[in-house]
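# quick check, what structure comes out for this input:
(6 chains)
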4 protein chains.
Amino acid sequence: MNETRRMPIFNAAMKVFAEKGFARATVNEIAKHAGIAKGTIYNNYKSKKKLFLALLEEGIDRLEAAVSREVARKDTILDKLEALISAQLSFFEEYRDYCKVLLSEVWGLGHRWEEQVQRLQLGYFQTIQELLEKGQAEGVICRDLETETTAAAIFGAVGVAALNRFVFAREYKYNRILQTLKQFLLNGVAK
Amino acid sequence: MNETRRMPIFNAAMKVFAEKGFARATVNEIAKHAGIAKGTIYNNYKSKKKLFLALLEEGIDRLEAAVSREVARKDTILDKLEALISAQLSFFEEYRDYCKVLLSEVWGLGHRWEEQVQRLQLGYFQTIQELLEKGQAEGVICRDLETETTAAAIFGAVGVAALNRFVFAREYKYNRILQTLKQFLLNGVAK
Amino acid sequence: MNETRRMPIFNAAMKVFAEKGFARATVNEIAKHAGIAKGTIYNNYKSKKKLFLALLEEGIDRLEAAVSREVARKDTILDKLEALISAQLSFFEEYRDYCKVLLSEVWGLGHRWEEQVQRLQLGYFQTIQELLEKGQAEGVICRDLETETTAAAIFGAVGVAALNRFVFAREYKYNRILQTLKQFLLNGVAK
Amino acid sequence: MNETRRMPIFNAAMKVFAEKGFARATVNEIAKHAGIAKGTIYNNYKSKKKLFLALLEEGIDRLEAAVSREVARKDTILDKLEALISAQLSFFEEYRDYCKVLLSEVWGLGHRWEEQVQRLQLGYFQTIQELLEKGQAEGVICRDLETETTAAAIFGAVGVAALNRFVFAREYKYNRILQTLKQFLLNGVAK
DNA sequence: GATGAATGAGCTTTCATTCAT
DNA sequence: GATGAATGAAAGCTCATTCAT
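Below is the predicted model:
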């Protein structure tokens, strides 16, 4: 369980899973990308599935950490929400591959993966949801909004917008997208 | 290519693909769900992939049709947008399985699927985007918003909110979710 | 067992078996070539294999008949042998497809097919062999030759020469080939 | 691609292909004959077809090599021809299975197999043909013979005679057959 | 620990055959 | 008799996993 051995596997796995999805990715291909032999992967992860789950956990941990850090830096709820959006987008920007894996395998088919991961999913949603509820208590967030739905919607909006850009976009201007998302999520589309 | 024969296959396939995803779904299982033999599937669809693509096409067609119809009934842009959100949510409500398939397989891993489908994907986004642009021209939609990103964000918000409810929710109140989404997407979270 | 029904099946089967071989030929394709439905084939032949065997029997019957007729017309052994070569070549010329089927499926893998067919194979060889033996008795055929081997060799020489021309030849001059074969088989290559 | 691993596969494949033909032979059966698992075959040959083609190539290479060697040892054209017949027969004697495969699959249905193999087929014929032409130039081979046809006929005579003996013969006397074939091919049947 | 050849369960797909219409 | 949709056995091939080196 040497950590220096695990790192290249981790990165290679991320790339291959992102490209092919869980089922079509082969352990062999991951090993080749990592420049090691197939057996070595099994010395570090019990199975392909366990490797995948480790990826997911680690990724969600990083996402939560990044978002928490940025959110903690701000004082008002609205600033915190902006920071959250910005942090999520920037995380997806940095880990494009992971973004694909996350949206397609986990949010898409939540029940396929272990409880363990589902808890993590809910964990991240909870963070958003709590922020919204605190905002409603303070009177800066609209009280009409049902917070669980809104939390999911925010995640979905940022995630799909980001993903759309990776997959299809002719040009990708990070700042323009960030600005649009902030504006959109805080104030809606209506003038 | 009897249509009465294709219908049960279609439905069974939708269910199984939604449950397992494309790769883990087996043709055998789809056949069993449809109460027919494996070979019969191949009498109606050339391959597992073709069956899947037929599902996607048909689904996107229905989604576009449902949305177009509702949108056309309204006069102002804001009403049209509300109608769009409502139609998309209600479509996902009616075709829960399809919602899962769409978000996980297609938006998640767009490039894995044929051009043919990508065009359809873009098609639906375009509808939203054009509505937004017309709104900006009329002055009812905020001009700061970059429309392509916003269109993706709207789709993602509605989709993930709906999906979240199917997969995790303890209670599912359609009207509450719809109201929340409309409020959120039109006016944002800020009070 | 209508004979008028069987004829088109027979012809279509011959063509398809010759093109694809027994295993790769499909009953469906034969039916399509014959302009009838698949089920109709099974009304006339119990199985694909039975159809194939019927083809072989019929073919060998015709070959034997054609050869016997020509051989019977001649008086001397050497004339009879010439007639045999000529009749076999001209039969292969007329039934090219059959020639392919015969050489590849039957002589190639004799034991794969039923006794029934093996008897027919031996039957035709026997005809040649008996002619040779009568010739040896009369003193016009070289006595050093072991007749069973020679019979097979004659059949093989004519068959492969004919087949080679169908499959590869740039130009196909029937008379030139016939003349060469006669000369070769009767007098050998040596001057 | 360990050569020691490929050898048993090669031998098992030869046996099974000879017994069943290409289409009816199953990879599983070949594996069982070789005493290994199905997957191991695919570690060594990309597909069943590739395995078969490898067999053909290797076989034709060996045949050509054996024949060339024997032919080169002789000085006169007639001796070379005798050597060729003898070498071909003895090759077929040694590799009975290969003889069956070659005659049934390749000469029988030449067009089904790749160019690659067709070139090899033509290659071997060419060798015979050139020998005949040189003989005609020297005046020891009858000038009336069209050499392409004759080459095919020689191959067919030796091949079918050999095959006939493997498949049907009650007794198999190599020397008697060889003597008969030499006599027959050089001087014909006529006394 | 690292390797990669060997394994065999499990998948997609084909197609001879049946049988209700 | 003719039809062709339905069937499911059987085949080729992939790939996660194991394990001897």
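# contact residues of chain A facing DNA strand E?
When proximity is defined by Cβ under 7 Å from any atom of the strand, chain A lies next to DNA strand E at A:1, A:2, A:5, A:36, A:37, A:38, A:39, A:40, A:42, A:43, A:44. In short, each C-beta sits where N, CA and C put it, glycine included.
# which of the residues you listed count as buried?
A:36, A:44 (16 or more other Cβ atoms under 10 Å in any protein chain shown).
# any idea which of the residues of chain A next to DNA strand E is least confident?
The member of these with the lowest pLDDT is residue A:1, at 53.
# could you find the closest non-adjacent residue to the residue in chain A positioned nearest to chain C?
Of the residues in chain A, the one nearest chain C is residue A:24, at a distance of 30.6 Å by Cβ to the nearest Cβ. Nearest non-adjacent residue to residue A:24, counting by Cβ to Cβ, 6 or more residues apart in numbering or on different chains: residue B:23, 6.1 Å away.
# for that neighbour, grab the count of nearby residues.
Residue neighbour count, defined by other Cβ atoms under 10 Å in any protein chain shown, stands at 16 for residue B:23.
# ok, it - contacts?
Contacts of residue B:23 were listed using Cβ atoms under 8 Å, 6 or more residues apart in numbering or on different chains, and they are A:21, A:22, A:23, A:24.
# the first one - how many residues pack around it?
Residues lying near residue A:21 (other Cβ under 10 Å) number 21.
# the longest helix in chain A is where?
In chain A, ranked by residue count with DSSP state H as the criterion, the top helix is helix A:48-73.
# that one near chain B at all?
No - in this structure, helix A:48-73 remains apart from chain B according to Cβ under 8 Å from any Cβ of the partner chain; the gap is never smaller than 11.7 Å.
# the helix or strand just after that helix: how far from the chain's middle?
On the C-terminal side of helix A:48-73, the nearest following helix or strand under DSSP states H and E is helix A:77-94. The chain centroid and the centroid of helix A:77-94 are separated by 11 Å, computed with Cα atoms, centre = their mean, to the nearest Å.
# now helix A:77-94: buried residues?
Across helix A:77-94, burial judged by 16+ other Cβ under 10 Å covers A:77-78, A:80-93.
# now do the helices in chain A.
Assignment of helices within chain A using DSSP H yields the ranges A:3-24, A:27-34, A:38-44, A:48-73, A:77-94, A:96-101, A:115-138, A:147-168, A:174-187.
# hang on, the earlier thing: between helix A:3-24 and the longest helix of chain A, find me the angle.
On the basis of axes from the mean of the first three to the mean of the last three Cα atoms, to 10 degrees, helix A:48-73 is oriented at 110 degrees to helix A:3-24.
# next one: helix A:48-73 to chain centre, how far?
For helix A:48-73, the gap between its own C-alpha mean and the chain's C-alpha mean amounts to 7 Å (Cα atoms, centre = their mean).
# quick one: mean pLDDT for it?
90.
# with adjacent residues omitted, what lies nearest to whichever residue of chain A sits closest to chain D?
Closest approach between chain A and chain D, counting by Cβ to the nearest Cβ: residue A:28, at 11.7 Å. Residue nearest to residue A:28 in three dimensions, not counting chain neighbours: residue A:38, with 5.5 Å by Cβ to Cβ, 6+ apart.
# was I right about the one you found contacting residue A:29?
No - with contact defined as Cβ atoms under 8 Å, residue A:38 and residue A:29 do not form a contacting pair (9.7 Å).
# low-scoring stretches of chain A, by residue?
Along chain A, the model assigns pLDDT under 70 to residues A:1-3, A:107-117, A:119-120, A:169-170, A:191.
# quick check: residues of it near DNA strand F?
Counting by Cβ under 7 Å from any atom of the strand, the positions of chain A adjacent to DNA strand F are A:24, A:25, A:26, A:27, A:28, A:38, A:39, A:42, A:47, A:48, A:49.
# what about 6 Å?
Taking Cβ under 6 Å from any atom of the strand as the contact definition, chain A meets DNA strand F at A:26, A:27, A:28, A:38, A:39, A:42, A:47, A:48.
# so what's the spatially most central residue of chain A up against?
With distances taken as Cα atoms, centre = their mean, residue A:99 lies nearest the centre of chain A, 5.4 Å away. Contacts were defined as Cβ under 8 Å, 6+ apart; by that measure residue A:99 touches A:91, A:92, A:159, A:162, A:163, A:166.
# so how far is residue B:124 from the last one?
Counting by Cβ to Cβ, to the nearest Å, the gap from residue A:166 to residue B:124 is 18 Å.
# cool, residue A:146 as well?
Separation of residue A:146 from residue B:124 (Cβ to Cβ): 26 Å.
# how many residues are close by the residue of chain A closest to chain D?
Residue A:28 is flanked by 12 other residues according to other Cβ under 10 Å.
# ok, residue A:61 next?
13.
# would you mind measuring from it to residue A:91?
The span separating residue A:61 from residue A:91 equals 11 Å under the rule Cβ to Cβ.
# cool, and residue A:159?
Here residue A:159 is placed at a distance of 10 Å from residue A:91 (Cβ to Cβ).
# measure stretch A:90-104 end to end?
19 Å (Cα to Cα, to the nearest Å).
# show me the contacts for the residue nearest to residue A:28.
A:27, A:28, A:31.
# before we move on, what about residue A:165?
Listed by Cβ under 8 Å, 6+ apart, the contact partners of residue A:165 are A:172, A:177, B:149, B:152.
# now do residue A:186
With Cβ under 8 Å, 6+ apart as the criterion, the residues that contact residue A:186 are A:78, A:81, A:82, B:188, B:189, B:190.
# tell me the two of those that are most distant?
Among these, the pair separated by the greatest distance (Cβ to Cβ) is A:82 and B:188, at 11.5 Å.
# and the residue of chain A nearest DNA strand E?
Proximity of chain A to DNA strand E (Cβ to the nearest atom of the strand) peaks at residue A:39, 2.0 Å away.
# tell me the spacing between that residue and residue A:27.
In this structure, residue A:39 and residue A:27 are 10 Å apart, going by Cβ to Cβ.
# next: residue A:71.
The spacing between residue A:71 and residue A:27, counted by Cβ to Cβ, is 37 Å.
# who has more neighbours, these two?
When neighbours are counted by other Cβ under 10 Å, residue A:71 comes out ahead of the other of residue A:71 and residue A:27, with 20 against 17.
# contacting residues around the more buried one?
Taking Cβ under 8 Å, 6+ apart as the definition of contact, the neighbours of residue A:71 are A:80, A:83, A:84, A:87, A:127, A:131.
# apply 7 Å and report the result again.
If you count contacts by Cβ atoms under 7 Å, 6 or more residues apart in numbering or on different chains, residue A:71 has them with A:80, A:83, A:84.
# pretty sure the second one contacts residue A:69?
Translated: residue A:83. No - applying Cβ atoms under 7 Å as the test, residue A:83 and residue A:69 come out as separate, 9.1 Å apart.
# domain ranges for chain A?
Taking automatic domain parsing as the criterion, chain A consists of the domains A:1-45, A:56-187.
# span of the longest one from start to end?
Think domain A:56-187. Chord length of domain A:56-187, first to last residue, is 32 Å (Cα to Cα).
# chain center to that domain, what's the gap?
With Cα atoms, centre = their mean, you get 7 Å for domain A:56-187.
# returning to what we had before: rebuild the contacts of residue A:71 as JSON lines, extending it with distance to residue C:136.
Converted to JSON lines, these look like this (distance: Cβ to Cβ, whole Å):
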{"residue": "A:80", "distance to residue C:136": "110"}
{"residue": "A:83", "distance to residue C:136": "107"}
{"residue": "A:84", "distance to residue C:136": "104"}
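# which among those residues gets closest to DNA strand F?
The shortest separation between DNA strand F and any of the contacts of residue A:71 is 35.9 Å, and it belongs to residue A:84 (by Cβ to the nearest atom of the strand).
# ok so, going back, would TSV of the domains of chain A with distance to residue D:184 be doable?
Below are the domains of chain A laid out as TSV (distance: least, Cβ to Cβ, whole Å):
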stretch	distance to residue D:184
domain A:1-45	57
domain A:56-187	73
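# among the ones you listed, which is the most enclosed?
The highest average neighbour count among these, using mean count of other Cβ atoms under 10 Å in any protein chain shown, belongs to domain A:56-187 at a mean of 19.
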